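Student: can you look at this prediction? I've put the sequence above it.
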Amino acid sequence: MRIPRSMVVLLVGAVGLLVAGVIVAIVSSDRPATTFPAGSPEATVATYLRLLQNGQVDEAYTMTAFTQPTITREDYHQRFEYWTQQPHRVTLLRTSTTGDQATVTVETSTFRPGLFEADDSTVQQTFTLVRRQGNWLITGPDYLNG
């Protein structure tokens, strides 16, 4: 039985794309994480997002100080356990600090490789923080408040 040439070309192309996607994922995952000054709002947001990416949802939850209505730990788990299912690349866009309040705006990119199509998305998000007892705690974006 002979396989049509077009089928062979399609199969080789699909395998080539899959291999290229794996190589890109490996190369981009080897980049060292950017570091920020300890105790800064930027370091707090970076640590928070890194904890979510690593599946350490309880540890990320302890870095928050939500206003009313408060999101419960169970609700928080339901919202963020999926974060480990795909890689995220986070880029700091801007920071503003006034006294004991700060905002940190980041751009989060996700990439989900597929056999024939890849899903690529980028969103901007602004985190609000408050400093309590010398530590920055995350109070928003608003959707985190319940």
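Tutor: Here it is on my side, so go on. Numbers count the residues shown, from 1 in each chain.

Student: domains of this protein?
Tutor: 1-31, 35-145 (automatic domain parsing).

Student: wait, what's in contact with residue 128?
Tutor: Residue 128 makes contacts with 101, 102, 103, 138, 139, 140, 141, as judged by Cβ atoms under 8 Å, 6 or more residues apart in numbering. Backbone N, C-alpha and C define where each C-beta goes, glycine included.

Student: quick check, residue 47 in a helix?
Tutor: Yes. Using DSSP: H, G, I helix; E, B strand; the rest coil, the assignment for residue 47 is a helix.

Student: one step back: show me which of the contacts of residue 128 are buried.
Tutor: Buried members of these, scored by 16 or more other Cβ atoms under 10 Å, are 102, 103, 138, 139, 140.

Student: strands of this structure, start to end?
Tutor: With strands called from DSSP state E, the chain shows them at 88-98, 101-112, 119-132, 135-140.

Student: which one of those strands lies closest to residue 36?
Tutor: Taking Cβ to Cβ, strand 88-98 is the member of the strands of the chain nearest to residue 36, at 8.0 Å.

Student: list the buried residues in that closest one.
Tutor: Quick answer for strand 88-98 (16+ other Cβ under 10 Å): 90, 95.

Student: any buried residues in stretch 77-85, and which?
Tutor: Those would be 80, 83, for stretch 77-85 by 16+ other Cβ under 10 Å.

Student: now do stretch 52-63
Tutor: 52, 53, 57, 60, 61, 63.

Student: looking at the strands of the chain, which is nearest to residue 75?
Tutor: Across these, closest to residue 75 is strand 135-140 (Cβ to Cβ), at 15.4 Å.
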